[in-house]
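Student: Got a sequence here, can you build the structure:
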Amino acid sequence: MLTNPHYVGDLVQGRTTTVSVTSKRRKNVPKEEQFIIKNAHEPIISRETFDAVQNQLEQRRKYITAPKIHLFTNVLFCADCGTGMWFRSNRDGYICGAYARHGKKACTAHTI
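Tutor: Residues are numbered from 1 along each chain as shown. Predicted coordinates:
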């Protein structure tokens, strides 16, 4: 609702397209290729309010990098609980996956 331009009176067409005629899958179209008609109908909210919300959303966006895949993640196993070991860069090694997810109530802090 916060990112929908229909609420400020804009008509946006061509946001998605089909992958093929026989497929039901759809892919997103870049904004440059979408058809946008400004002030096509009566707005529900003002454009200033909508733009202010868009600025806030852009400022609060978190950029999360993709996790690095490590060779022995879920290949090494904990001696106590049998859960796969996970790599942690802040510890420069692998820790028990159950301990990493649930803490002391699941397992002890086994590290390699």
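Student: ok, Asp10 to Arg61 distance?
Tutor: Asp10 sits 22 Å away from Arg61, going by Cβ to Cβ, to the nearest Å. Heads up, the C-betas are built off the backbone N, CA and C, glycines and all.
Student: same thing with Glu33?
Tutor: Distance, Glu33 to Arg61, by Cβ to Cβ: 23 Å.
Student: Strands of this structure, start to end?
Tutor: Counting by DSSP state E, the chain has these strands, from start to end: 11-13, 16-18, 26-28, 35-37, 85-88, 93-96.
Student: Out of those strands, the one nearest Ala79 is which?
Tutor: Taking Cβ to Cβ, strand 93-96 is the member of the strands of the chain nearest to Ala79, at 8.9 Å.
Student: residues in contact with stretch 18-38?
Tutor: Pro5, Gly9, Asp10, Leu11, Val12, Gln13, Gly14, Arg15, Thr16, Thr17 (Cβ atoms under 8 Å, 6 or more residues apart in numbering).
Student: ok, now with 10 Å
Tutor: Pro5, Val8, Gly9, Asp10, Leu11, Val12, Gln13, Gly14, Arg15, Thr16, Thr17, Arg47 (Cβ atoms under 10 Å, 6 or more residues apart in numbering).
Student: Write the PyMOL selection for whichever of those residues are buried.
Tutor: Applying 16 or more other Cβ atoms under 10 Å to the contacts of stretch 18-38, the buried members can be selected in PyMOL as follows:
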select buried, resi 5+8+9+10
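Student: Just the closest of the contacts of stretch 18-38 to Cys78, please.
Tutor: The nearest one, if we look at the contacts of stretch 18-38 relative to Cys78 and count by Cβ to Cβ, is Thr16, at 44.7 Å.
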